Structure formats: structure tokens, C-alpha cells
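**Student:** pasting the structure only:
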């Protein structure tokens, strides 16, 4: 087992995982030139000096450090030579800081990274949606040392076998993602944080998260459909040739990250599964509650309705001990892409045993949801660093 773990830049996190099978730690500044896969609103503020000290400690404890440049759009800035020169300068600065690897979200950045820093390890981000052997081969041919598969592939074992047999490069699986399975906002949500984590951007909470939160609030089976991997099931993936597992959570507390990493290292967690998977769906509920409580705030009544609709997310619990020990056996023999969840209902049956706090309404779209025009004032309140 090789764990790849998100950092929130707290040194005590690194010390807390020092005796666990962690190979790589990854992180990103709140904002930088390129941007990444999370908006600055959820990330802690750190300086370049803070980052240098943290990377130095990571190395002292035996970890490699990957920096994220995983924006999926640069808004055509890449067509300007001056911007490319700035990217090259910033990459050299990262290497001087001790960064061992770069995670990229735009394919041509693989070649740029290898040209500027030939010894750096380059990882193709999950945000590039690799879910087929052909896609994996193409990224390997471009020079990627590692490819992170999109979480949608996590339970498609036929595809996982084909991908593993098709490439020699490392393949990484995200184990604790709670995104809606086959989410219609997948592509939009990849692009949005790219703009909200760039230098000078506004710290917004992404619109797409509200839709995601609404799905989880209305359908208890939705959390089971999400393509997380339980700690108890890591051995199944190892039998299929996968041993590199990513634990996400750059915006989470140190206690939360430690709990999640320890659970996966121990290959067991007897509590509420939502305590160790990402559950970013909680953020829209918290913000809607706050906006509904603001006297005189814009759209107050609409926010109140949204908060009421999302309220079940705050009660959502998944009893991991109630999930069948052979949970994945069904997926090893079943093609989810070729069937309807309504006619299958496997995840629904598991949810009725293990999920608490959310009724199964068997809906395909949440209601009510905010209009994007309500987001003009959604700059999150953050103290100045």
C-alpha cells in the first residue's frame, strides 16, 4: 500500500502520519499563477516561506512532495509567450523550494514541466477524466509518470484491469471522493475552481456544489453510488494491480485528515463512513443557513428554502459496519454504465441498511436550487492574511 495524502499545511499532520505507509504528500497555495482544482475559499493561507518549511519537514520525515497545477483551463493565457515565461519561472521556483512532483490538469503542461525540470515527476490529474485504457496510454506517451484515474472508474473492474495491463506508468486511485456518480456538472465543476484559485481571484463557493448537495439531501442511495473505496476493500484493488491510493481533503482539519489516513492505513473503519470521505456537500448547507439568517440579506427567503432543502445533508450518516463485507462483488460482475439505477437498485438496497438521516425519494434532480444570478454576492468572508 502506498498512500498519497493531502496536506492542509499543518506540520502536526506530517508528524501524525510519519509512521503510516504514506509515500507522497500533496498541496497547493491558496492562489497562484496557474490555479487548481479547488477554489481558494476552502484552502488555508500560507506563504512561500511557509510552504518551504513544510516541504522541508516532509522530506525529513521521508515523504515526497507534489505541488498541484491542476487547473483545467487557463482561459487562453497559454497563447501568450509572456504567460508561458512566467509559468516556467514559477516552476523553477517550486523546484528550488524542494517540490518533487507536479500534478497538472492540462495535457500540454506535461511537456512544459519535463522541459523546464527534467527530473520532476509529472502526474496527470484526475480532473482530466481518464477512464479508459486509450486515455491512460496517451498520457503515458506524453511523458506522465503517474495518471490519477477519474473516480468514476473506481468500480468498473473490467476497465481497471484493461488500464493496468495497458500502461507501465503508476496509476493512482482516489479513495474518499463523495461526488455524485455520473454527475451532469462534472465538466463544469472541473473548470470553475480553475478560475477561483488563480492570483487575484474572488474566493467563491462553487455553484456546482449546491446541485451535488441537493442530490445527497434527497436520495439516500446517492452516497452509496458515489465511487469512494472503503478501507476494508483496498485489498480488492491490490488484487487487480493497484496499490497507490489518494486521500483527498486539502481544506479539512488536521484531526479529520489524520482520522481518514489512519483508517485507510489500518484497512478498517467501524464508524460513520462520512467521517473519512470528503463530503464537500456540507459547505453549501452551511452557507445557505448563514445567508438565510442574515437580516436584510439579498434573496433571504430563497436561501431559506435552499437551506431547508439541504438540511438532510447535515444528518446524513453511513454505518460502515452495515455495508456488506462483499460489497464490491456486485460491481465486479455488473456494468453500471449500461444499466439504470432505478431498475438495478443495488445501491438503494445497501442504503436502506446503512444510510441514516436521508429519505430515499428516488429523484433525478434536486429542487429548489439557487440560480447563478444569486451568486453575485457569494464572496466568502475570509480574514485578510
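**Tutor:** Yes, it's here. Keep in mind that this is a model prediction, so the values were computed, not measured.

**Student:** now the helices for the stretch 101-250 of the chain?
**Tutor:** For the stretch 101-250 of the chain, helices defined by DSSP state H, counting those that start in this stretch occupy the ranges 109-116, 133-142, 157-166, 186-195, 208-218, 222-225, 234-239.

**Student:** so for residue 16, which of those sits nearest?
**Tutor:** Closest to residue 16 of the helices of the stretch 101-250 of the chain, according to CB to CB: helix 234-239, at 20.2 Å. All C-beta spots, glycine's among them, are computed from the backbone N, C-alpha and C.

**Student:** one step back: which of the helices of the stretch 101-250 of the chain comes out lowest on mean pLDDT?
**Tutor:** Note on the helices of the stretch 101-250 of the chain: helix 186-195 shows the lowest mean pLDDT, a mean of 76.

**Student:** quick one: distance of that helix to the chain centre.
**Tutor:** When C-alpha coordinates are averaged (CA atoms, centre = their mean, to the nearest Å), helix 186-195 and its chain have centres 12 Å apart.

**Student:** now for it, which elements pack on it?
**Tutor:** The contact analysis (3 or more CB pairs under 8 Å, 6 or more residues apart in numbering; DSSP states H and E) places helix 186-195 against helix 208-218.

**Student:** quick one: list the elements packing against the helix it packs on.
**Tutor:** helix 186-195, helix 222-225, helix 282-293, helix 300-310.

**Student:** in CSV: these, plus distance to residue 111 and mean neighbour count.
**Tutor:** Output for the helices and strands packed on helix 208-218, formatted as CSV (distance: least, CB to CB, whole Å; neighbours: other CB atoms under 10 Å):
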stretch, distance to residue 111, mean neighbour count
helix 186-195, 20, 19
helix 222-225, 37, 25
helix 282-293, 36, 19
helix 300-310, 43, 18
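
**Student:** which one of the helices of the stretch 101-250 of the chain lies closest to residue 21?
**Tutor:** Of all those, helix 234-239 sits nearest to residue 21, with 10.7 Å by CB to CB.

**Student:** give me the contact list for the closest one.
**Tutor:** Helix 234-239 is contacted by residues 1, 160, 173, 175, 229, 243, 245, 264, 267, 328, 332 when judged by CB atoms under 8 Å, 6 or more residues apart in numbering.

**Student:** residues contacting residue 370?
**Tutor:** Residue 370 touches 207, 210, 299, 302-303, 306, counting by CB under 8 Å, 6+ apart.

**Student:** also residue 242?
**Tutor:** 160, 164, 171, 173.

**Student:** farthest-apart pair in these, please.
**Tutor:** Greatest spacing in the contacts of residue 242, by CB to CB: 164 and 173 (10.6 Å).

**Student:** with residue 275 as the reference, measure out to the residue nearest to residue 357 when sequence neighbours are not counted.
**Tutor:** Spatially, and ignoring its direct neighbours in sequence, residue 357 is nearest to residue 315 (3.2 Å; CB to CB, 6 or more residues apart in numbering). The spacing between residue 315 and residue 275, counted by CB to CB, to the nearest Å, is 14 Å.

**Student:** between the two, who's got more neighbours?
**Tutor:** residue 275 (15 against 10; other CB atoms under 10 Å).

**Student:** would you agree that one is in contact with residue 258?
**Tutor:** No - applying CB atoms under 8 Å, one finds residue 275 not in contact with residue 258, separated by 11.5 Å.

**Student:** who's in contact with residue 340?
**Tutor:** Neighbour list for residue 340: empty [criterion: CB under 8 Å, 6+ apart].

**Student:** repeat that for residue 134.
**Tutor:** Applying CB under 8 Å, 6+ apart to residue 134 gives the contacts residue 166.
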